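Chemist: Show me how the following folds:
(one chain, ligands or ions: 2)
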Amino acid sequence: MAQLISNMCSIQPVVPESYILPPERRPGQLVVHPCKTIPVIDLDGDQNELVQEIIKASQEYGFFQLINHGVSEELMKDVLVVAKEFFDLPAEEKQRFFSEDPKQTCRMKTSIDFAREKVHFWRDSLRHPCHPLEEHIQQWPENPARYREVFGQYSVEVRNLSLRILDLVCEGLVLEPGYFGGELSWGQKMSVNHYPRCPDPTLVLGLPKHRDAYLITLLNQGDVPGLQVLKDEQWVAVEPLPHAFVVNINHMLQIISNGKLKSADHRVVPSSNVARTTIASFIRPSSDVVVQPATSLVSESNPPLYKSFTFGDFIGSYMKDTLEGIDPLERFMIRP
Ligand code: OGA
Ligand code: NI
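Modeler: Residues are numbered from 1 along each chain as shown. Ligands and ions are numbered 1, 2, ... in the order given. Coordinates of the predicted model:
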């Protein structure tokens, strides 16, 4: 069975061999830009500018930070406190969520694909669906005692906020109102990530360069840095802003917008002096829904860049392609 790093790192004074990346894949490989940052958007700001600001950031960076978004500071902090309490539990308690049973949807995972990958990544995560809440909450941890209550309230509020952002994106792309409702935003998945302190962060990555598979991600990254976004061949650090969500465009939104919006590469670098806990919420389409560039966005002069396919087809090959360093969108592209 895969060993959680949050269980073993307290007894590991050095990075175990199986986590050490080959030199060309280590975090120092590209410069981290010293002052560039991703755009910050105020959801409570000038409403006339808001839609264009979101589209511009999604086009240029595929990432932005959202402030004044209406989810309370208290809830954003509380959910991280509960997440940290979960990862601080004794090993046996967390180990219960390791399962091969496909009916168990709430699962613990370490690294990405521990059994198959060549090198492991410095992350443990607890993943579970959250929408509709009543269908999933019974599978969530009961320890810490506040897990279900706090994560329940948080997931509902984050889903509502995500749908609001998708409505603004819909307006900005001039799609028919409600385009992202229904089957495209059928589900929601949470990944509670924990990156323990690492004895030598220059040798490992918490998460390798990847792009998210779904529609949109809202990340609560707390106050510990570590997330980096690739922009013009340079890594840009995403500075933690108090009480902000990091929002990023996923693969499906890149396809629907026919490449106008960008699903950007990002990665996580762990720290040597403090553990980092983050919570990512993904809005995901149903497996049967057909995804394709929106018909109103394609024309003879702007032909579709992607084929149509079901989301289930895409997710089936996404993980394997990502781990092999292949662009998961490649097989769905239309070549002129
Ligand atoms: C992810 C991710 C970033 C972070 O879960 O897909 O990119 O900072 N997380 O934890
Ligand atoms: Ni990601």
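
Chemist: Sketch out the low-pLDDT regions of the protein for me.
Modeler: Counting by pLDDT under 70, the chain contains low-confidence ranges at 1-2, 8-12, 29-31, 33-35.

Chemist: after the longest helix along the chain, next one along is what?
Modeler: Looking across the chain with DSSP state H, the single longest helix is helix 147-172. As assigned by DSSP states H and E, the chain's next helix or strand after helix 147-172 is strand 187-195.

Chemist: The helix or strand immediately after that following strand in the chain pairs with which strands?
Modeler: As assigned by DSSP H and E, the chain's next helix or strand after strand 187-195 is strand 207-210. Strand 207-210 has the following strand partners under DSSP bridges: strand 266-268 (antiparallel).

Chemist: thinking again about what came up before, show me which residues of the longest helix of the chain are buried.
Modeler: Within helix 147-172, the residues that count as buried by 16 or more other C-beta atoms under 10 Å are 147-148, 150-155, 157-159, 161-162, 165-172. To be clear about C-beta, it is placed using only N, CA and C from the backbone, and glycine gets the same treatment.

Chemist: Which neighbouring elements make contact with that helix?
Modeler: With contacts taken as 3 or more C-beta pairs under 8 Å, 6 or more residues apart in numbering; DSSP states H and E, helix 147-172 sits against helix 47-60, helix 73-87, helix 133-136, strand 187-195, strand 216-220, strand 245-249, strand 276-284.

Chemist: tell me the angle of it relative to strand 216-220?
Modeler: Here the directions of helix 147-172 and strand 216-220 differ by 130 degrees (axes from the mean of the first three to the mean of the last three C-alpha atoms, to 10 degrees).

Chemist: anything in helix 147-172 near ligand 1?
Modeler: No. Shown here: helix 147-172 not in contact with ligand 1 (C-beta under 6 Å from any ligand atom), separated by at least 13.8 Å.

Chemist: what comes into contact with stretch 103-117?
Modeler: 2-5, 94-95, 97-99, 120-129, 136, 139-141, 207-208, 319, 322-323 (C-beta atoms under 8 Å, 6 or more residues apart in numbering).

Chemist: Same list, those residues, but only the ones touching ligand 1.
Modeler: Near ligand 1, by the rule C-beta under 6 Å from any ligand atom, you find L207 out of those.

Chemist: picking that back up, how far is the longest helix of the chain from where the chain is centred?
Modeler: Put simply, helix 147-172 sits 14 Å off its chain's centre (C-alpha atoms, centre = their mean, to the nearest Å).

Chemist: cool, stretch 316-336 as well?
Modeler: 18 Å.

Chemist: which residues are in contact with it?
Modeler: Contacts of stretch 316-336 (C-beta under 8 Å, 6+ apart): 112-113, 116-117, 210-211, 213, 251, 254-255, 263, 303-307, 309, 314.

Chemist: can you pull the buried residues of it?
Modeler: Y318, T322, P328, L329, F332.

Chemist: Which pair in these has the greatest spatial separation?
Modeler: T322 and F332 (14.0 Å; C-beta to C-beta).

Chemist: I'd like to know which of the contacts of stretch 316-336 are buried.
Modeler: Taking 16+ other C-beta under 10 Å as the criterion, what is buried in the contacts of stretch 316-336 is I112, H210, R211, A213, H251, Q254, I255, S263, P304, L305, Y306, F314.

Chemist: and V291, backbone torsions?
Modeler: Dihedral pair for V291: phi -110, psi 130, per degrees, to the nearest 10.

Chemist: and if you look at the one 3 residues further on?
Modeler: Here is the backbone geometry of A294 (degrees, to the nearest 10): phi -60, psi 130.

Chemist: Let me know the distance separating it from F180.
Modeler: For A294, the distance to F180 equals 10 Å [C-beta to C-beta, to the nearest Å].

Chemist: same check, this time on K103
Modeler: Taken as C-beta to C-beta, the span from K103 to F180 is 29 Å.

Chemist: Quick check on those two: which one has the bigger neighbour count.
Modeler: F180 (24 against 6; other C-beta atoms under 10 Å).

Chemist: which residue sits closest to the more buried one, ignoring its sequence neighbours?
Modeler: Of all residues not flanking F180 in the chain, L166 sits nearest, at 4.1 Å (C-beta to C-beta, 6 or more residues apart in numbering).

Chemist: That neighbour reaches L215, doesn't it?
Modeler: Yes. Counting by C-beta atoms under 8 Å, L166 touches L215, with 7.0 Å between them.

Chemist: Overlap of the contact sets of those two?
Modeler: Contacts common to L166 and L215, judged by C-beta under 8 Å, 6+ apart, are F180, S185, I283.
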